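Asks: This is a predicted model, with the sequence first.
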Amino acid sequence: MKKIIFISAPSGSGKTTIVEYLLNTFYSNLDYSISCTTRIPRYGEKNGKNYFFLKKNEFIKKIKEKKFAEWQEVYPEIFYGTLKSELENKLKNNNLILDIDVLGAIKLKKKYRNNSLSIFIIPPSIDELKKRIENRNFENKKYLKYRINRAKKEILFSNFFDFKIINKSINNTKKNIHNIVYKFLK
């Protein structure tokens with residue numbers, strides 16, 4: 001069986017940047033599992049590349065049909081999930097990396113135990129996290145507050161992960177995670 005890597009973090013912690021870095025670094029040995037979401041695409045995001053963007057009713061239908069390996073209502077009325085078919089098809093041919101919410105990673109880690117690696121990225125502080133999210137300029141105040149409160153709760157689950165990395169400097173974080181992933185894939 002191929003190996004699977006779970007990268008989780010509160011929104012704004014650098015998770016997507018790190019996943020993109022790992023995909024570029026280990027491009028011949030690592031594939032990306034595309035998640036589904038009901039949120040609207042952000043600038044530059046493409047359906048089938050960044051996410052499978054679904055209407056809420058489509059997502060709920062897939063839940064009822066048991067199409068997801070895991071799913072969560074991460075924010076009110078905004079769902080994220082990993083399709084079983086996406087995981088199974090991609091794991092046939094390559095090692096896989098998932099940019100995944102905390103509870104989804106914990107659930108899948110139990111299933112893939114010995115063939116998986118889980119890394120939790122922690123922001124240096126909640127104040128720094130708030131600044132990072134505000135600098136994105138795509139959050140309204142209601143969701144900003146919700147994301148910060150959710151981040152505090154998500155950090156409490158970091159002990160369930162194989163590694164916890166505090167992202168004070170993105171370059172140092174990339175180096176640390178690169179070394180961890182290299183040893184795991186070796």
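Replies: Thanks, I have it.

Asks: pretty sure residue 81 contacts residue 62?
Replies: Yes. Applying Cβ atoms under 8 Å as the test, residue 81 and residue 62 come out as touching, 7.3 Å apart. Bear in mind the C-beta positions are built from the backbone N, C-alpha and C, glycine included.

Asks: who has more neighbours, the two?
Replies: residue 81 (26 against 19; other Cβ atoms under 10 Å).

Asks: who's that one bridged to?
Replies: Beta bridges link residue 81 to residue 36, residue 71, judged by DSSP bridges.

Asks: What's the local residue count around residue 50?
Replies: 17.

Asks: ugh, typo on my part, it should be residue 77
Replies: 8.

Asks: follow-up on the earlier one: shared neighbours of residue 81 and residue 62, anything?
Replies: Contact criterion Cβ atoms under 8 Å, 6 or more residues apart in numbering; residues shared by residue 81 and residue 62: 36, 68.

Asks: could I have the worst-scoring helix or strand of the chain on mean pLDDT exported to CSV, CA atoms only?
Replies: Ranked by mean pLDDT, DSSP states H and E, the weakest helix or strand in the chain is helix 126-136, scoring a mean of 83. In CSV, the C-alpha atoms belonging to helix 126-136 read as follows (Å, rounded to 0.1, in the frame of the first residue of the first chain):
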residue,chain,number,x,y,z
ILE,A,126,-3.8,33.6,18.0
ASP,A,127,-3.1,37.3,17.4
GLU,A,128,-0.7,36.4,14.6
LEU,A,129,-3.3,34.1,13.1
LYS,A,130,-5.9,36.8,13.2
LYS,A,131,-3.5,39.2,11.3
ARG,A,132,-2.8,36.5,8.7
ILE,A,133,-6.5,35.9,8.1
GLU,A,134,-7.3,39.7,8.0
ASN,A,135,-4.5,40.1,5.4
ARG,A,136,-6.2,37.7,3.1
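
Asks: Quick check: buried residues in whatever helix or strand comes next after it?
Replies: Downstream of helix 126-136, the next assigned helix or strand under DSSP states H and E is helix 141-155. Using 16 or more other Cβ atoms under 10 Å as the test for burial, helix 141-155 gives 143, 144, 146, 147, 148, 150, 151, 154, 155.

Asks: possible to save the residues you listed as JSON lines with pLDDT?
Replies: Output for the buried residues of helix 141-155, formatted as JSON lines (pLDDT from 0 to 100):
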{"residue": "143", "pLDDT": "74"}
{"residue": "144", "pLDDT": "79"}
{"residue": "146", "pLDDT": "82"}
{"residue": "147", "pLDDT": "83"}
{"residue": "148", "pLDDT": "89"}
{"residue": "150", "pLDDT": "89"}
{"residue": "151", "pLDDT": "92"}
{"residue": "154", "pLDDT": "95"}
{"residue": "155", "pLDDT": "95"}
